[in-house]
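Enquirer: From the sequence below, what's the structure:
(4 chains)
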Number of protein chains: 2
Amino acid sequence: MAKAKRILKWQRDPEGMRQRILDAAKQEFSAHGLAGARVDRIAAKAGANKRMLYYHVGNKEDLYLEVLEGAYEKIRAEERTLALEHLDPPEAIACLIDFTWNYFLRNPEFLALLNTENLAKAKHLKRSTKVKSMHSPFVEMIRTVVTRGVARGDFRVAVDPVQLYISIAALAFFYLSNSATLSVIFGRDLLKKDARDERLAHMIALVLAALTGESTAVFGRAKAPARQSAEQPVV
Amino acid sequence: MAKAKRILKWQRDPEGMRQRILDAAKQEFSAHGLAGARVDRIAAKAGANKRMLYYHVGNKEDLYLEVLEGAYEKIRAEERTLALEHLDPPEAIACLIDFTWNYFLRNPEFLALLNTENLAKAKHLKRSTKVKSMHSPFVEMIRTVVTRGVARGDFRVAVDPVQLYISIAALAFFYLSNSATLSVIFGRDLLKKDARDERLAHMIALVLAALTGESTAVFGRAKAPARQSAEQPVV
DNA sequence: ACAGTATTTATCCAACGGGTTAATTTTCGC
DNA sequence: GCGAAAATTAACCCGTTGGATAAATACTGT
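Expert: You can find the predicted model right below:
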């Protein structure tokens, strides 16, 4: 009785389905923003029916908030894996910059989601107790590293850890988030390998030069590939 | 025959109307993004009929591109008014940062529009020969200032002007564009006067410390109000 | 094997939103 | 004054979209 009916109609997999929906939603929201996202496209991408979104998560805004929360959870989790205690303070800062840069590079949807949420004036984030309780470990990491660096004489000055945290994020975020327009303005591809390497080196050099007061020593420690051209600027 | 009819129907004002439409569109697009913007709202805000948008400018995307081009024109025009030639190099850099910061602060729609355009992967900008021909004078300004600063001994190192330009924009842009989410994350208002002053001081100190190698001298020149509290971090 | 529940599918719909059509009013050249 | 062109209005069109309903199908414990 090989009825063409018995060919595997569908299986149940609530958790899998939920995850596929959230993944699809993340793609959609980061590609088109909140208003530009289409519920039908999310369903299609998740290999599901539109009704499933409402069944498993809720309406469009619920879906969006869940995606946003997930994005914060993910970066916070990765941030926590960074161990800087046993590094020299300058190395630790370089490591932090390197991580931030590469995280943003690997997770462009995160940048887009943050921009979308800021367009909404953080309306959804404000309602999320979940995200508000997820503090980045970086501020405290920076605080201890800077204290240690000043004590050891590596750094000349005390820095407000919050300001430095924001500045490091800023240097990486802006470049990557705005790479499309900047590439048009400057008439060259800012995302190609060479340009990316150059940017990472610049960011590390800039911040370490400001902190240590030395510009040469910095480069021996930077994780970015050393530039060999004699003409290349240092910062 | 005092018919209530004769009470001033409407006057013609094509240019005025066009401008009101573009202003309204700028507000709408920067507040809601391209997909979130509503043509009817733009019309209403412009005190016009929806048909007028199509008559005077074109469809939604045409309208959006015109707004974007206008925004670039405006910042480029203001940038050109900045005269740095007769300033000491460190002062010149501080001045540049100060301008950038205050321009972004005064023109939040510009930030939002850039984010919107980057969400669209600069699709519209690529088609705009107008914007592509509008180069920022800042890159060349930075180049000459840095050259001069290195020659005079003010600066220790050569910096790639493009990287520095991007970094300065980044430090200001990210803070302001993301102030909504950052304010939630940090649990305090990043846009209040004190916070803004602190940020400007930090940005100037960071960049000048990296360039000059001195952190104390920097502050005498920064345009931001001097901090008096002994505990305050320097960078 | 069967009842009950969890999960999924197939349609439907009312509101919305960009865009258009056609009529109306003002202005301007002559 | 007058007719044509420019500017403006009101009303409509129709595909899209978020969301809802109800029926079908798979799994679970008993």
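Enquirer: so where's chain A uncertain?
Expert: Low-confidence segments of chain A (pLDDT under 70): A:1-10, A:215-235.
Enquirer: if we go to 90?
Expert: Within chain A, the segments meeting pLDDT under 90 span A:1-17, A:48-49, A:157-158, A:213-235.
Enquirer: ok, the lengthiest helix in it near chain B or not?
Expert: Criterion DSSP state H: the longest helix present in chain A is helix A:14-36. Yes: residues of helix A:14-36 contacting chain B under C-beta under 8 Å from any C-beta of the partner chain: A:32-36. C-beta here means a position set from N, CA and C on the backbone, and glycine is covered the same way.
Enquirer: Could I get the buried residue list for that helix?
Expert: Buried residues in helix A:14-36, counted by 16 or more other C-beta atoms under 10 Å in any protein chain shown: A:17-18, A:20-22, A:24-36.
Enquirer: Can you tell me the element the residue minimising distance to the centre of chain A falls in?
Expert: For chain A, residue A:104 is the residue whose C-alpha lies nearest the centre (C-alpha atoms, centre = their mean; 3.6 Å). Per DSSP states H and E, residue A:104 falls inside helix A:89-106.
Enquirer: continuing past that helix, what's the next helix or strand?
Expert: For helix A:89-106, the following helix or strand on the C-terminal side (DSSP H and E) is helix A:108-119.
Enquirer: For residue A:135, give its distance to DNA strand C.
Expert: 33 Å (C-beta to the nearest atom of the strand, to the nearest Å).
Enquirer: can you give me phi and psi for that residue?
Expert: Main-chain torsions, residue A:135, degrees, to the nearest 10: phi -80, psi 140.
Enquirer: Quickly note the distance from it to residue A:80.
Expert: To residue A:80, residue A:135 is 11 Å away according to C-beta to C-beta, to the nearest Å.
Enquirer: Surely the residue nearest to the centre of chain A touches residue A:114?
Expert: No: using C-beta atoms under 8 Å, residue A:104 is not in contact with residue A:114, being 10.0 Å away.
Enquirer: Spit out the residues that contact these two alike.
Expert: The contact sets of residue A:104 and residue A:114 overlap at residue A:173 (C-beta atoms under 8 Å, 6 or more residues apart in numbering or on different chains).
Enquirer: before we move on, the earlier item: which residues sit against the longest helix of chain A?
Expert: With C-beta under 8 Å, 6+ apart, helix A:14-36 has contacts from A:37-38, A:41-43, A:45-48, A:52-53, A:56-57, A:60-61, A:63-64, A:66-67, A:70-71, A:108-110, A:112-113, A:116, A:119-120, B:32-36, B:116, B:119.
Enquirer: mind checking the SS state of residue A:86?
Expert: coil (DSSP: H, G, I helix; E, B strand; the rest coil).
Enquirer: burial of it, as a residue count?
Expert: By other C-beta atoms under 10 Å in any protein chain shown, the residues close to residue A:86 number 7.
Enquirer: Show me where chain A has its helices.
Expert: Remark: helices assigned in chain A by DSSP H are A:14-36, A:39-45, A:50-56, A:60-80, A:89-106, A:108-119, A:123-127, A:129-132, A:138-152, A:161-177, A:179-186, A:193-212, A:216-221.
Enquirer: Any chance of those in a markdown table with distance to DNA strand C as columns?
Expert: Output for those, formatted as a markdown table (distance: least, C-beta to the nearest atom of the strand, whole Å):
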| stretch | distance to DNA strand C |
| --- | --- |
| helix A:14-36 | 3 |
| helix A:39-45 | 8 |
| helix A:50-56 | 4 |
| helix A:60-80 | 13 |
| helix A:89-106 | 30 |
| helix A:108-119 | 16 |
| helix A:123-127 | 17 |
| helix A:129-132 | 22 |
| helix A:138-152 | 38 |
| helix A:161-177 | 25 |
| helix A:179-186 | 22 |
| helix A:193-212 | 35 |
| helix A:216-221 | 50 |
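Enquirer: The closest residue to residue A:69 other than its chain neighbours and DNA strand D, how far apart?
Expert: Distances taken as C-beta to C-beta, 6 or more residues apart in numbering or on different chains put residue A:130 closest to residue A:69, at 5.2 Å, once the chain neighbours are dropped. Relative to DNA strand D, residue A:130 is positioned 21 Å away (C-beta to the nearest atom of the strand).
Enquirer: May I ask you to confirm that residue A:130 is in contact with residue A:70?
Expert: No: at 9.8 Å, residue A:130 does not count as touching residue A:70 under the criterion of C-beta under 8 Å.
Enquirer: What about residue A:128? Give its phi and psi, please.
Expert: phi -90, psi 100.
Enquirer: neighbours around the residue nearest to residue A:69, how many?
Expert: Using other C-beta under 10 Å, residue A:130 has 15 other residues around it.
Enquirer: Can you name the residues of chain A that neighbour DNA strand D?
Expert: Taking C-beta under 7 Å from any atom of the strand as the contact definition, chain A meets DNA strand D at A:9-12, A:37-40, A:50-51, A:54, A:59-61.
Enquirer: Name the member of those residues with the shortest distance to residue B:147.
Expert: residue A:37 (47.8 Å; C-beta to C-beta).
Enquirer: which residues touch the closest one?
Expert: Residues in contact with residue A:37 (C-beta under 8 Å, 6+ apart) are A:25, A:28-29, A:31, A:60, A:64.
Enquirer: Pick out the most distant pair among the residues you listed.
Expert: The largest distance within the contacts of residue A:37, taken as C-beta to C-beta, falls between A:31 and A:60 and amounts to 14.9 Å.
Enquirer: and residue A:146, how many residues sit next to it?
Expert: Residues near residue A:146, counting by other C-beta under 10 Å, number 24.
Enquirer: same question, residue A:136
Expert: Counted with other C-beta under 10 Å, residue A:136 comes out at 17.
Enquirer: Next: residue A:139.
Expert: For residue A:139, the count of nearby residues is 16 (other C-beta under 10 Å).
Enquirer: Check residue A:40 too.
Expert: 11.
Enquirer: and what of residue A:192?
Expert: For residue A:192, the count of nearby residues is 11 (other C-beta under 10 Å).
Enquirer: same check, this time on the one 5 residues further on
Expert: Other residues within reach of residue A:197 by the criterion other C-beta under 10 Å amount to 13.
Enquirer: And the one 3 residues further on, by the same measure?
Expert: Other residues near residue A:200 come to 24 when the count uses other C-beta under 10 Å.
Enquirer: How about residue A:151?
Expert: The criterion is other C-beta under 10 Å. On that basis, residue A:151 has 10 neighbouring residues.
Enquirer: Against residue A:158, how distant is it?
Expert: From residue A:151 to residue A:158 the distance is 11 Å (C-beta to C-beta).
Enquirer: And for residue A:53?
Expert: Noted for residue A:53: a distance of 50 Å to residue A:158, by C-beta to C-beta.
Enquirer: The two: which is more packed in?
Expert: residue A:53 (25 against 17).
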